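**Student:** Everything below, folded, please.
(one chain, ligands or ions: 1)
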Amino acid sequence: MANDPGQTSKAHGNLPPLSLHVPEPKYRPGDKVDYSWLSIPPAGAQVRPDESCPAAETEPLCFDLIRVLDGDGQAVGPWNPRLDPETLRRILRTMALTRAFDDRMYRAQRQGKTSFYMKCTGEEATSVAAAFALANDDMVFPSYRQQGILMARNYPMVDMINQIYSNRADRLKGRQLPIMYSARDYGFFSISGNLATQYPQAVGWAMASAIKGDTRIASAYIGEGSSAEGDFHSAMTFAAVYNAPVVFNIVNNQWAISSFSGFAGGERTTFAARAVGYGIAGLRVDGNDALAVYAASRWAADRARANMGPTLIEHFTYRAEGHSTSDDPTAYRSAQEGTDWPLGDPIARLKQHLVAIGEWSDEQQVAMDLELAESVKAATKEAEKNGILGHGLHHPFHTMFEDVFEELPWHLEEQAQQAIRERRIKWPEWKE
Ligand SMILES: Cc1ncc(C[n+]2csc(CCOP(=O)(O)OP(=O)(O)O)c2C)c(N)n1
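**Tutor:** From the prediction side, this is the model:
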C-alpha cells in the first residue's frame with residue numbers, strides 16, 4: 001500500500017488504537033515466586049575466546065552466562081582463572097570484610113550516627129573479585145555500591161567511616177553525601193549522586209591515558225537502572241569510536257530502588273547485548289560467582305591494556321537487601337524473590353569452593369568473621385572520636401565557603417559573614 005501524503009492514518013483501514021507497553025515486575029509482595037523462567041546454563045559450558053578476538057566473536061556470550069563454580073563448589077571450564085589458594089582466600093576475606101562493614105554501618109545509621117548508608121549485600125563479588133583482576137593504579141569510576149573496591153585496595157576503614165559520619169576528620173569536609181567517597185590516590189574516582197555521569201568521565205580518563213601513552217586503564221560501574229540514562233550511550237559511542245581502554249561494568253541486580261529491570265529495557269534483551277550494537281566486546285557473567293567475575297574482568301582488562309578496546313560486562317546478580325537505609329523493599333517485591341534466588345550468595349559459594357579443594361574450613365570461616373567484625377568495630381570506635389552526626393564535631397563552619405575560588409568573591413564573603421553572625425545568635429554554644 002503506497003503512502004499518499006494527502007491521506008490521514010485512518011485511511012489505512014480499521015487499525016486498532018495505538019498503545020504502549022508498561023512493564024510490570026513478575027512478583028509483588030506476597031506473590032509466590034517461580035524461577036523456572038530463568039535459564040541458568042551449566043558452569044563451565046561457555047567458550048572462552050582469546051582476549052584479542054574480534055568483538056563479534058563475543059556476541060554469543062552476551063546472551064549466555066559465564067559460570068565457573070558448579071553446584072559442588074568445583075571450578076570448571078575454560079573460564080576457570082586458576083587462582084592460587086592464597087589469592088582465593090584474600091578475595092573471600094575482602095568480600096567478608098565488605099559485608100561486616102556494611103552490617104556495622106547499617107546499624108550505625110539506625111543508631112543515628114549517620115543520616116544514610118547503602119549496602120552491597122549479595123553483590124560483593126562484582127566489586128571485590130573485579131578489583132583483584134585490575135592493576136591497583138587503574139582508575140575505577142564507581143557508582144555508590146562498590147565499597148568492595150576500596151576494601152580490596154586497602155583504603156583505611158577509619159577514613160571511610162569518618163566520611164560516613166561527616167565528622168571533623170572527613171577528608172571530604174562533609175561536602176559529599178555519606179558513602180560518596182573520593183580517593184584519587186587509591187584509583188577511586190569521586191562518587192556522584194547524579195547517576196551515570198561516571199561513565200563518560202571514565203571514557204574521557206581512558207582516552208587521556210591513551211593520549212599520554214600510559215598503561216593504566218579505566219573501569220566504570222553502573223547499575224542496570226542507570227544504564228537507561230543518555231550518559232551511558234554517549235560513553236559507549238565515544239569508547240567504541242576511539243577504541244578507549246575502558247571496562248564497562250553493568251551491575252544488574254534487577255532492581256533500581258523500586259523499579260525492576262524491565263524499565264531499563266531488561267525485558268527485551270540482556271544488558272550485555274548492548275555491546276553488540278556498539279560493535280564492542282560483551283560478556284554476561286554470573287555476578288555471584290567470584291571466579292567468573294574475576295575471569296571476565298581479567299579478560300576485559302587484558303584486552304583493554306593490549307589496545308583491543310572496550311568491553312561491556314553485565315554482572316547478573318540480585319540486590320539482597322534494600323536500596324539504601326531509606327528504602328523498604330517489602331513494600332514492592334516478594335520476600336521469596338531473595339530467599340529463592342537460584343545463583344546463591346557470592347561469599348558462601350567461594351567458601352564452598354575453598355572447602356571443596358581442602359584449602360579452608362567452617363571453623364576458619366567462623367573465626368575470620370569474628371575477627372573481621374572486631375576490626376570493623378575497632379575502626380568505628382576510632383572514627384567516633386572524631387564525631388558522629390549531630391554532635392557538632394564537623395569541619396569548621398566557614399570551610400563550606402572554601403576551596404572553590406582562589407579568592408572568595410565579595411558576595412560569598414558577605415554570605416559567609418552573615419552565616420557566621422546568624423550561627424552565633426542561634427547556636428551560641430557552638431565551638432569550632
Ligand atoms: C540522574 C539521576 N536520576 C535519578 C536519581 C535517583 N536515584 C538514585 S539511585 C536510583 C536507582 C538506580 O538503580 P540502579 O542503577 O539499578 O543501581 P542500584 O541502586 O540497583 O545499584 C535512582 C533512580 C539520581 N540519583 N540521579
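
**Student:** How many residues are close by the closest residue to the ligand within the stretch 201-350 of the chain?
**Tutor:** Relative to the ligand, the nearest point of the stretch 201-350 of the chain is residue 223 (2.0 Å; C-beta to the nearest ligand atom). Yep, even glycine has a C-beta here, placed from its N, CA and C like the rest. Residues within reach of residue 223, counting by other C-beta atoms under 10 Å, total 26.

**Student:** go on, residue 370?
**Tutor:** By the measure other C-beta under 10 Å, the count of residues near residue 370 is 11.

**Student:** now swap in the one 4 residues further on and tell me
**Tutor:** Per other C-beta under 10 Å, the neighbour tally for residue 374 reads 11.

**Student:** cool, residue 301 as well?
**Tutor:** 21.

**Student:** Could you export the helix or strand harbouring it as PDB, CA atoms only?
**Tutor:** Secondary structure from DSSP states H and E places residue 301 in helix 290-305. The C-alpha trace of helix 290-305 is given here as PDB (Å, rounded to 0.1, in the frame of the first residue of the first chain):
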ATOM      1  CA  ALA A 290      33.600 -14.700  42.200                       C
ATOM      2  CA  LEU A 291      35.800 -16.800  39.900                       C
ATOM      3  CA  ALA A 292      33.600 -16.000  36.900                       C
ATOM      4  CA  VAL A 293      33.700 -12.300  37.800                       C
ATOM      5  CA  TYR A 294      37.400 -12.400  38.200                       C
ATOM      6  CA  ALA A 295      37.900 -14.200  34.900                       C
ATOM      7  CA  ALA A 296      35.700 -11.900  32.800                       C
ATOM      8  CA  SER A 297      37.200  -8.800  34.400                       C
ATOM      9  CA  ARG A 298      40.700 -10.000  33.800                       C
ATOM     10  CA  TRP A 299      39.800 -10.900  30.200                       C
ATOM     11  CA  ALA A 300      38.400  -7.400  29.600                       C
ATOM     12  CA  ALA A 301      41.300  -5.600  31.400                       C
ATOM     13  CA  ASP A 302      43.900  -7.500  29.500                       C
ATOM     14  CA  ARG A 303      42.100  -6.800  26.200                       C
ATOM     15  CA  ALA A 304      41.900  -3.000  27.000                       C
ATOM     16  CA  ARG A 305      45.600  -2.900  28.000                       C
END
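
**Student:** name the helices or strands packed onto it?
**Tutor:** Judged by 3 or more C-beta pairs under 8 Å, 6 or more residues apart in numbering; DSSP states H and E, the packing partners of helix 290-305 are helix 85-110, helix 124-133, strand 246-252, strand 281-286, strand 311-316, helix 346-356.

**Student:** I'd like those as JSON lines, with mean neighbour count appended.
**Tutor:** Converted to JSON lines, the helices and strands packed on helix 290-305 look like this (neighbours: other C-beta atoms under 10 Å):
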{"stretch": "helix 85-110", "mean neighbour count": "20"}
{"stretch": "helix 124-133", "mean neighbour count": "29"}
{"stretch": "strand 246-252", "mean neighbour count": "30"}
{"stretch": "strand 281-286", "mean neighbour count": "29"}
{"stretch": "strand 311-316", "mean neighbour count": "29"}
{"stretch": "helix 346-356", "mean neighbour count": "21"}
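
**Student:** Using TSV, lay out those together with distance to the ligand and mean pLDDT.
**Tutor:** As requested, these are arranged in TSV below (distance: least, C-beta to the nearest ligand atom, whole Å; pLDDT from 0 to 100):
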stretch	distance to the ligand	mean pLDDT
helix 85-110	13	99
helix 124-133	10	99
strand 246-252	6	99
strand 281-286	16	98
strand 311-316	11	99
helix 346-356	15	98
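
**Student:** how about stretch 355-371: buried residues?
**Tutor:** Within stretch 355-371, the residues that count as buried by 16 or more other C-beta atoms under 10 Å are 360, 365, 368-369.

**Student:** now do stretch 405-421
**Tutor:** For stretch 405-421, burial by neighbour count (16+ other C-beta under 10 Å) applies to residue 416.

**Student:** likewise stretch 372-380?
**Tutor:** 372-373, 376, 379-380.
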